[in-house]
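*Asks:* missing the sequence, but the structure's below:
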């Protein structure tokens, strides 16, 4: 790396940070599992985040119904 190669553009994509920010408990995984997530592409992370959002929304609806039944 030459001194004039200082990075000025956006930071490289970090799957673990992106997953963490979306609320995935990646820090509870063991090192080997975390490494799998660290190698995900941006589209894979976006898909996981989309699925998590949908699951969270569904869980909220189910929990609300359970409360009504009690």
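*Replies:* Looks like it arrived, so ask away. Bear in mind the structure is a predicted one, so any value in this text is a computation, not a measurement. Numbers count the residues shown, from 1 in each chain.
*Asks:* quick one: neighbours of the residue nearest to residue 15 when sequence neighbours are not counted, just the number.
*Replies:* Nearest non-adjacent residue to residue 15, counting by Cβ to Cβ, 6 or more residues apart in numbering: residue 40, 4.4 Å away. Placement of C-beta: from N, CA and C, glycine included. For residue 40, the neighbour count with other Cβ atoms under 10 Å is 17.
*Asks:* next one: the one 10 residues further on
*Replies:* Per other Cβ under 10 Å, the neighbour tally for residue 50 reads 11.
*Asks:* just the element for it, please.
*Replies:* Assessed by DSSP states H and E, residue 50 sits inside helix 42-69.
*Asks:* if I look at the residue nearest to residue 15, how far off is residue 29?
*Replies:* According to Cβ to Cβ, to the nearest Å, residue 40 and residue 29 sit 13 Å apart.
*Asks:* and for the spatially most central residue of the chain, nearest residue in space, chain neighbours not counted?
*Replies:* The residue lying closest to the centre of the chain (Cα atoms, centre = their mean) is residue 19, at 1.8 Å. Spatially, and ignoring its direct neighbours in sequence, residue 19 is nearest to residue 26 (5.1 Å; Cβ to Cβ, 6+ apart).
*Asks:* how close does the one you found get to residue 33?
*Replies:* Distance from residue 26 to residue 33, by Cβ to Cβ: 8 Å.
*Asks:* who's more crowded, these two?
*Replies:* Of the pair residue 26 and residue 33, residue 26 is the one with more neighbours under other Cβ under 10 Å, namely 17 against 11.
*Asks:* so that one touches residue 34, yeah?
*Replies:* Yes: with contact defined as Cβ atoms under 8 Å, residue 26 counts as touching residue 34 (6.0 Å).
*Asks:* who touches both of those two?
*Replies:* By the contact definition Cβ atoms under 8 Å, 6 or more residues apart in numbering, residue 26 and residue 34 are jointly contacted by residue 16.
*Asks:* identify the residues contacting residue 32.
*Replies:* Per Cβ under 8 Å, 6+ apart, neighbours of residue 32: none.
*Asks:* having no further points to raise, I will conclude here.
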